[in-house]
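> after the sequence you'll find the predicted model.
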Amino acid sequence: MIENRKIRIAVVGCGRISKNHFGSILKLSDEYELVAVCDTDPQILEQHKLEYSVPGYLSLSEMLASEKLDLVTLCTPSGIHSEQAILAANYGVNVISEKPMATKFADGLAMIEACDKANVKLFIVKQNRRNSTLQLLKRAISEQRFGQIYMVQVNVFWTRPQEYYDRAKWSGTWDMDGGAFMNQATHYVDLLHWLVGPVERIQAMTTTHRNIEVEDTGVVNIKWRNGALGSMSVTMCTYPKNLEGSITILGEKGTVKIGGVAVNDIQEWNFEDVKPYDREISAANYETTSVYGFGHPPYFQNVADVLRGKAEPETDGREGLKSLELLIAIYRSARDQKEIGLPLNL
């Protein structure tokens, strides 16, 4: 437990998503002290060393050996999250990992095992859970306002042009990145179990239009253990820009649709009963210029609270593994052209 001082954190990987991590650390400066950065690109590393006035390392192992750290946050390609998390755990350092926690189910399990063995915490970033719109929806579901949930529809209609995938050799590869479900729509896959509950079985189809290894378009049919049916439609080929990130839930006593470009706009909110917080719907909606939302700072606050012994983790390694299991099931179903039951047989 960390008391009476700031949490000493280092950022590993200074690419696209890292700005949300740097921003959260700066916003929570009473909780965190940024003490180092790490990146394999010397030019990018130098830029961030100068911007944040901290030491920079081309090697994670060198940084772990040289710096006294409480926590590292991994903003690196998904395919190396596991080996980096295990390395940090071996140094007794707590770990935040960006989504997805790994590209292989065995790697996700190995991360959890290593962190458990080293008695360090493993956190998996699921910042969309902190969106004000989804917090209201989660509350309504927890209070069983829908009654029995009948049908669920999730849409992710975004655009990622070829230039997006061409930015790095690892982008759009199976081993290091994963496709539209695992990378771009992973937070929406997370909603399937976080909001609706455990999934019983799925059936998926995927296809690829860009010049990449992985899928950029796919559909999944889903049956939950509670009897609900649903589907998820994902594409990164929407013209000319991101169009929609939405979830619709149809139940016995309620109907809700949260849409917008990234589940930021409650478009339908109807229940048989009435609650005082129903008046908060308009205030919960927000404008966003990014599909990432604004959930990183509250997520980092939860991490700080956990490390100080004040809270339980919102999404630890085991919670992150639930999404990874669904993702692997989707890919197995699409590859083998058959229905996949859960939990997975490993």
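Structure received. Residues are numbered from 1 along each chain as shown.
> make it CA atoms for all contacts and neighbour counts henceforth
Will do.
> hmm, who's touching stretch 69-88?
Contact partners of stretch 69-88, identified using Cα atoms under 8 Å, 6 or more residues apart in numbering, comprise 7-15, 17-18, 21, 35, 60-61, 64, 93-104, 107-108, 110-111, 114-115, 170, 175-178.
> tell me the mean pLDDT over that stretch?
What stretch 69-88 shows for mean pLDDT is 98.
> chain center to that stretch: distance?
Relative to the centre of its chain, stretch 69-88 is centred 15 Å away, using Cα atoms, centre = their mean, to the nearest Å.
> what segments of the stretch 1-150 of the chain are strands?
Secondary structure of the stretch 1-150 of the chain (DSSP state E, counting those that start in this stretch): strands at 7-12, 32-38, 56-57, 71-74, 94-97, 122-124, 149-157.
> check the stretch 201-346 of the chain too.
Here the stretch 201-346 of the chain has its strands, by DSSP E, counting those that start in this stretch, at 217-224, 229-235, 244-251, 254-259, 265-271, 340-341.
> so which of those gets nearest E31?
strand 265-271 (31.1 Å; Cα to Cα).
> give me the contacts around the closest one.
Applying Cα under 8 Å, 6+ apart, the set of residues contacting strand 265-271 is 133, 145-146, 253-259, 281-282, 284-286.
> can I have the buried ones of those residues as a PyMOL selection?
Per 16 or more other Cα atoms under 10 Å, the buried members of those correspond to this PyMOL selection:
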select buried, resi 133+145+146+254+255+256+257+258+259+281+284+285+286
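> all the helices of this structure, in order from the start?
18-27, 42-52, 60-66, 81-90, 105-118, 132-142, 162-165, 186-195, 281-284, 296-307, 317-336 (DSSP state H).
> tell me which of those helices sits most buried.
Most buried of the helices of the chain, by mean neighbour count (mean count of other Cα atoms under 10 Å): helix 81-90, with a mean of 22.
> residues contacting stretch 307-322, please?
Counting by Cα under 8 Å, 6+ apart, 1-3, 100-101, 105, 108-109, 111-112, 121-126, 190, 193, 299, 302-303, 305-306 sit against stretch 307-322.
> show me the domain layout of this protein.
Split into domains by the TED database, the chain comes to 7-126+296-314, 128-263+324-341.
> would a markdown table of the ones you listed with distance to V274 be doable?
Shown next, in a markdown table, are the domains of the chain (distance: least, Cα to Cα, whole Å):
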| stretch | distance to V274 |
| --- | --- |
| domain 7-126+296-314 | 28 |
| domain 128-263+324-341 | 9 |
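> isn't G259 up against S246?
Yes: between G259 and S246 there is a contact at 4.1 Å, judged by Cα atoms under 8 Å.
> quick one, what contacts the residue nearest to H21 when sequence neighbours are not counted?
In space, and not counting its chain neighbours, H21 is closest to H296: 7.0 Å by Cα to Cα, 6 or more residues apart in numbering. Going by Cα under 8 Å, 6+ apart, H296 touches N20, H21, S24, V125, Q127.
> check what pLDDT the first one gets.
On the pLDDT scale, N20 is placed at 95.
> the fourth one too?
Here the pLDDT value assigned to V125 is 97.
> burial count for it?
26 (other Cα atoms under 10 Å).
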